[in-house]
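A.B. asks: Here's a sequence, model it:
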Amino acid sequence: MVEIDKVADICKLLGDKMRLTILSLLKERELCVCEIVEIMKTSQPNVSQHMRKLKDGGLVKEAKKGQWVYYSLNISDKPYLHELFQHLPSQKEKVDLMSCEQLDCCY
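C.D. replies: Predicted coordinates:
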């Protein structure tokens with residue numbers, strides 16, 4: 001059984017529009033920070049701050065590839081979130097239009 005404190009902390013993370021949007025983007029595929037920055041039209045420090053909170057909360061994991069960091073969802077151990085994620089609006093179109101090659105950043 002999940003502790004109520006952990007669920008409350010996760011709900012706080014999900015209560016932020018930017019973080020919820022980032023999670024919705026990551027539902028589509030693994031993304032590099034530069035891709036998230038471009039899709040969200042915000043600064044790299046802003047995205048990094050949100051990613052740190054999501055990582056600390058156990059909702060995303062990171063993988064380093066050279067000097068670049070790629071993020072993906074980490075909710076397999078949180079089945080209570082699966083229903084919510086099914087109801088998040090699709091971000092597939094935005095994600096499909098973006099790639100590191102296009103941005104000339106980290107490939």
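
A.B. asks: Unless I'm misreading it, residue 37 sits right up against residue 49, doesn't it?
C.D. replies: No - Residue 37 is beyond contact range of residue 49, at 11.9 Å (criterion: CB atoms under 8 Å). In this view, the C-beta of every residue, glycine as well, is placed from N, C-alpha and C.

A.B. asks: In terms of neighbours, single out the busier of these two.
C.D. replies: residue 37 (20 against 13; other CB atoms under 10 Å).

A.B. asks: What residues does the more buried one make contact with?
C.D. replies: Counting by CB atoms under 8 Å, 6 or more residues apart in numbering, residue 37 makes contact with 43-44, 47.

A.B. asks: Let's see if you can find the most crowded of those.
C.D. replies: Busiest of the contacts of residue 37 [other CB under 10 Å] is residue 47, holding 21 neighbours.

A.B. asks: Can you name every helix or strand that the helix or strand hosting it contacts?
C.D. replies: Residue 47 belongs to helix 44-56 when assigned by DSSP states H and E. The contact analysis (3 or more CB pairs under 8 Å, 6 or more residues apart in numbering; DSSP states H and E) places helix 44-56 against helix 17-28, helix 33-40, strand 60-65, strand 68-73.

A.B. asks: Let me see the residues that make contact with it.
C.D. replies: 13, 16, 18-19, 22-23, 33-34, 36-37, 40, 60-62, 71.

A.B. asks: before we move on, back to that, comparing the helices and strands packed on helix 44-56, which comes out most buried?
C.D. replies: Neighbour counts (mean count of other CB atoms under 10 Å) averaged over each of these peak at helix 33-40, with a mean of 20.

A.B. asks: ok, the residue nearest to residue 16 when sequence neighbours are not counted to residue 36 distance?
C.D. replies: Excluding its sequence neighbours, the residue lying closest to residue 16 (CB to CB, 6 or more residues apart in numbering) is residue 50, at 7.4 Å. Applying CB to CB, to the nearest Å, the value for residue 50 to residue 36 is 9 Å.

A.B. asks: Common neighbours of these two, please.
C.D. replies: Common contacts of residue 50 and residue 36 (CB under 8 Å, 6+ apart): residue 22.

A.B. asks: Which one of the helices and strands packed on helix 44-56 lies nearest to residue 98?
C.D. replies: Nearest of the helices and strands packed on helix 44-56 to residue 98, taken as CB to CB: helix 33-40 at 5.0 Å.
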